[in-house]
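Q: kindly return the folded structure for what I paste below:
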Amino acid sequence: MRKKIVIIGGGQAGGRLSQLLAKEADSLETTLIFDEPYPPYERPPLSKSVIIGGSTLEKHLIWRPESAAWTAISIKAGVQALSINRDKKEVSLADGEAVAYDKCVIATGSSVRPLTVPGGDLRDVLKLRTYDDALAVASRLGDIRKLLIIGGGFIGLEVASAMRGLGIDTRVVEASDRLLSRIVPRQIAGKLLERHRAAGVTFNFMTMVERFIHDRNKALKAAVLSNGETVECDLALVGVGVYPNVALGEDAGLEIDVGICTDQGLVTSDKDILACGDVASFWHPIFDRRIRVEAWQNAEDHAAIAAASLCGLAVPNPSVPFFWSDQYELSLQLMGMPHLGVLVQEVKMVDGSVILVHSNGWGVVVGATGYGIAESIGREMRRIRGVISRSGSTDFGSVAVG
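A: Now for the predicted structure:
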């Protein structure tokens, strides 16, 4: 009898995992449940080619509907998973169906934090997390004059870069005193700010939106800021961070700490339930702690780890976390967990690119942040990944070049 696998979530982790498990159709009966009407797709293009280039969903599918993955697994699209009954080993769906499992995987990702201010529910106040969100933004680009972005995080800055390329007046409002304050060193955040200002983006730091002003037709006209300023805008994009969708795991009584807690093999406090992707707070042996990572590469890695766990194979070690963001002609890349250490080396390159290397109190390299030409910093970041992977090496002197 085939083992029943139920995957909840059709994002990068869940979509890729379903593709991997489709190859094991002789021994596994896999069901993929997700609440969007589309097949699983890549999210990074949403803030780039989809909103400004009209790139279609078909170009960014994780697997195509006519592929073997589609026919080898059971697909339940456009339906929400409401609860997990651990005693009955069933997942209850919004359409009334209950899906039995031997092993269940929670890959529910994360959601945009809402902006709970007067006017925050106006039709011109948007977010960017799904393909439909991207279509909503793209549909407005031909008739807007002034865009207000709330939040100086990665999504907001990528959209700001894209909008300035279209000549749209763009302002970013950020609650902290600088960009990307939780994850990027101040020195590189400053360089990023300079590039955005050179492109014409206006910034308000230590500032929040208090309310939105609309006309009698509920069309957005302006935003009132906490510094007393009223700024005109006819479209607003909320990018004040995300939170992991842990509700299914929490309601099922699983251990929660920032995300759904797992071991190195992504198994939760219930041996028959796994969690992967943005929602998982997983044990990472290199950093000797649980971490939660919101990144495309992490979702890809988790799909491979979860597949190994479900198939009873040797579980691969988690890779060093990696994230990138392309803005204008430059790239921002993060390797490891730089915020766990202190700056120990600055690598300056002949083309103006820079990499900051961080180590912990024992001299162990834990992360690096690079900004500049993608090819230049990419080569050096790959070297640093090897150093971090050796976990315990203090030999980062050879990282510096040119």
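Q: pull the residues that contact the helix or strand harbouring residue 195.
A: Element membership for residue 195 (DSSP states H and E) is helix 186-198. Applying Cβ atoms under 8 Å, 6 or more residues apart in numbering, the set of residues contacting helix 186-198 from outside is 157, 160-161, 164, 172, 178-181, 184, 203, 327-328, 330, 332, 346, 354, 356, 369-371. C-beta here means a position set from N, CA and C on the backbone, and glycine is covered the same way.
Q: now, of those, which are buried?
A: Using 16 or more other Cβ atoms under 10 Å as the burial test, the contacts of helix 186-198 include 157, 160-161, 164, 172, 178-180, 184, 203, 327-328, 330, 332, 354, 356, 369-371 as buried.
Q: what about these, which are in helices?
A: Counting by DSSP state H, the members of the buried ones among the contacts of helix 186-198 that fall within helices are 157, 160-161, 164.
Q: check these and tell me the two furthest apart.
A: Within these, 157 and 164 form the most distant pair, 10.7 Å apart (Cβ to Cβ).
Q: what are the ranges of the helices in the stretch 251-400 of the chain?
A: For the stretch 251-400 of the chain, the helices defined by DSSP state H, counting those that start in this stretch cover 296-310, 374-389.
Q: domain ranges for this protein?
A: The chain breaks down into these domains under automatic domain parsing: 3-110+243-310, 114-240, 329-399.
Q: check those for me and report the most buried one.
A: Most buried of these, by mean neighbour count (mean count of other Cβ atoms under 10 Å): domain 3-110+243-310, with a mean of 20.
Q: do me a favour and get the end-to-end distance for that domain?
A: For domain 3-110+243-310, the separation between the terminal residues is 10 Å (Cα to Cα, to the nearest Å).
Q: cool, and stretch 198-205?
A: Chord length of stretch 198-205, first to last residue, is 17 Å (Cα to Cα).
Q: select, out of the helices of the stretch 251-400 of the chain, the one closest to residue 39.
A: Among the helices of the stretch 251-400 of the chain, helix 296-310 comes nearest to residue 39, with 15.4 Å by Cβ to Cβ.
Q: before we move on, the earlier item: and the contacts of helix 186-198, which of them are in strands?
A: Applying DSSP state E to the contacts of helix 186-198, the entries found in strands are 172, 203, 327, 330, 332, 346, 354, 356, 369-371.
Q: and the two most separated of those?
A: 172 and 346 (26.7 Å).
Q: thinking residue 183 is in contact with residue 334, fair?
A: Yes: using Cβ atoms under 8 Å, residue 183 is in contact with residue 334, at 6.8 Å.
Q: confirm residue 216 sits in a strand?
A: No: assessed with DSSP: H, G, I helix; E, B strand; the rest coil, residue 216 is coil; it does not lie in a strand.
Q: distance of it from residue 100?
A: According to Cβ to Cβ, to the nearest Å, residue 216 stands 53 Å off from residue 100.
Q: check contacts around the residue nearest to residue 389 when sequence neighbours are not counted.
A: Among residues not flanking residue 389 along the chain, residue 320 sits closest, at 5.7 Å (Cβ to Cβ, 6 or more residues apart in numbering). By Cβ under 8 Å, 6+ apart, the contact list for residue 320 reads 286, 335-336, 385, 388-389.
Q: where along the stretch 101-250 of the chain do the helices fall?
A: Assigned by DSSP H, counting those that start in this stretch, the stretch 101-250 of the chain shows helices spanning 131-138, 154-165, 186-198, 247-251.
Q: out of those helices, nearest to residue 231?
A: Comparing the helices of the stretch 101-250 of the chain by Cβ to Cβ, helix 154-165 comes nearest, at 14.7 Å.
Q: nearest to residue 211, of the ones in helices among the buried ones among the contacts of helix 186-198?
A: For these, the minimum distance to residue 211 (Cβ to Cβ) is 22.3 Å, reached by residue 160.
Q: tell me the one of the ones in strands among the contacts of helix 186-198 nearest residue 238?
A: Residue 238 has its nearest neighbour among the ones in strands among the contacts of helix 186-198 in residue 172, at 11.9 Å by Cβ to Cβ.
Q: who's the closest one bridged to?
A: residue 149, residue 203 (DSSP bridges).
Q: surely it touches residue 207?
A: No: Residue 172 is beyond contact range of residue 207, at 9.8 Å (criterion: Cβ under 8 Å).
Q: that older thread, export the ones in strands among the contacts of helix 186-198 as JSON lines, with columns for distance to residue 38 and pLDDT.
A: As requested, the ones in strands among the contacts of helix 186-198 are arranged in JSON lines below (distance: Cβ to Cβ, whole Å; pLDDT from 0 to 100):
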{"residue": "172", "distance to residue 38": "29", "pLDDT": "99"}
{"residue": "203", "distance to residue 38": "35", "pLDDT": "99"}
{"residue": "327", "distance to residue 38": "27", "pLDDT": "96"}
{"residue": "330", "distance to residue 38": "31", "pLDDT": "97"}
{"residue": "332", "distance to residue 38": "29", "pLDDT": "98"}
{"residue": "346", "distance to residue 38": "44", "pLDDT": "94"}
{"residue": "354", "distance to residue 38": "39", "pLDDT": "97"}
{"residue": "356", "distance to residue 38": "39", "pLDDT": "97"}
{"residue": "369", "distance to residue 38": "34", "pLDDT": "97"}
{"residue": "370", "distance to residue 38": "34", "pLDDT": "97"}
{"residue": "371", "distance to residue 38": "34", "pLDDT": "98"}
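Q: going by distance to residue 294, which of those residues wins?
A: Nearest to residue 294 among the ones in strands among the contacts of helix 186-198, counting by Cβ to Cβ, is residue 332 at 14.8 Å.
Q: the closest one is in contact with residue 184, isn't it?
A: Yes: Residue 332 lies in contact with residue 184 (Cβ under 8 Å); the separation is 7.2 Å.
Q: hey, what's in contact with both of the two?
A: Counting by Cβ under 8 Å, 6+ apart, the residues touching both residue 332 and residue 184 are 192, 369.
Q: I figured residue 44 hits residue 296, correct?
A: Yes: the criterion here is Cβ under 8 Å, and residue 44 meets it with residue 296 at 5.6 Å.
Q: distance of residue 326 relative to residue 359?
A: Distance from residue 326 to residue 359, counting by Cβ to Cβ: 27 Å.
Q: thanks again, I'm all set now.
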